[in-house]
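Asks: Take this sequence and fold it.
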Amino acid sequence: MESNIAYLLLGSNLGDRLQNFERAIGQIELRAGEIQSLSNKYETEPWGFQHDVPFINQALKIATKLSARKLLDELLSIEMEMGRTRQANVISERIIDIDILLFNEEIIDEPGLSIPHPRLPLRKFALLPLSEIAADYFHPVTKQNIAKMLQECSDELTADLLQVRIPA
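Replies: Residues are numbered from 1 along each chain as shown. Here you go, the predicted model:
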């Protein structure tokens, strides 16, 4: 069976955010597919709500044998096992968030699964890390590459490259 290519976005603003990423990435690799590339991590303001702690966001490219639906199920399971609780139509702080941004060149609109992620063109915190690993990828709906979408994004929230200090 041929691999599918998926682009994911990780986000965290609760607990030890970097450790949350390590744990999530380990589980993704174990249960969902081979990680082919990772963007830098960015510290970003919360989008759509107020919170004192900024998010860390990072984009991943994975090769997976799973269908988009099975991938979503696996990612939701990882989130739940890490302590994420979801509330319908509520954007709030979270220990981990794993979104499927893109899946091959597919357009999927099913209950609970929309690919490409419907708010991707509006979110600098997603486009910036994604542009590092997929700048030339053409969005199947907008027909623009990710670099152009980032350039034209009107989102004014800040997204700063995270400077991770390694203890001596």
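Asks: Okay, now the sheet partners of the helix or strand bottoming out on mean pLDDT in the chain, with direction.
Replies: Lowest mean confidence among the helices and strands of the chain (mean pLDDT, DSSP states H and E): strand 159-161, at a mean of 76. Strand pairing for strand 159-161, using DSSP bridges, gives strand 42-44 (antiparallel).
Asks: for the next helix-or-strand element following the strand it pairs with, what is the average pLDDT?
Replies: Note on strand 42-44: by DSSP states H and E, the next helix or strand toward the C-terminus is strand 55-64. Strand 55-64 shows a mean pLDDT of 95 in the predicted model.
Asks: Determine the set of other helices and strands touching strand 55-64.
Replies: In this structure, strand 55-64 packs against strand 4-12, helix 17-31, strand 34-38, strand 42-44, helix 124-134, with contacts taken as 3 or more Cβ pairs under 8 Å, 6 or more residues apart in numbering; DSSP states H and E. All C-beta atoms are positioned from the backbone trio N, CA, C, and that covers glycine.
Asks: Not counting its own residues, what contacts the third one?
Replies: Same thing as strand 34-38. 3, 5, 25, 28-29, 58-64, 133 (Cβ atoms under 8 Å, 6 or more residues apart in numbering).
Asks: Please measure how far the first residue of stretch 101-114 sits from its last one.
Replies: 9 Å (Cα to Cα, to the nearest Å).
Asks: coming back round to it: now tell me what touches the least confident helix or strand of the chain from outside.
Replies: Asn40, Lys41, Tyr42, Glu43, Thr44, Glu45, Asn57, Lys124, Phe125, Leu128.
Asks: what about the second one, neighbour count?
Replies: The local packing count at Lys41 equals 20, with neighbours defined by other Cβ atoms under 10 Å.
Asks: quick revisit: of the contacts of strand 159-161, closest to Ile95?
Replies: Of all the contacts of strand 159-161, Ile95 sits closest to Asn57, with 14.1 Å by Cβ to Cβ.
Asks: check contacts around the closest one.
Replies: Asn57 touches Leu9, Leu10, Gly11, Lys41, Tyr42, Thr44, Phe125, Ala126, Leu128, Pro129, Ala159, counting by Cβ under 8 Å, 6+ apart.
Asks: can you pick the most crowded of the contacts of strand 159-161?
Replies: Counting neighbours by other Cβ under 10 Å, the top entry in these is Asn57, with 30 neighbours.
Asks: So what's the residue count around the closest residue in space to Ala135 that isn't next to it in sequence?
Replies: Leaving out its chain neighbours, the residue that sits closest to Ala135 by Cβ to Cβ, 6 or more residues apart in numbering is Ala147, at 4.1 Å. Other residues within reach of Ala147, judged by other Cβ under 10 Å, total 16.
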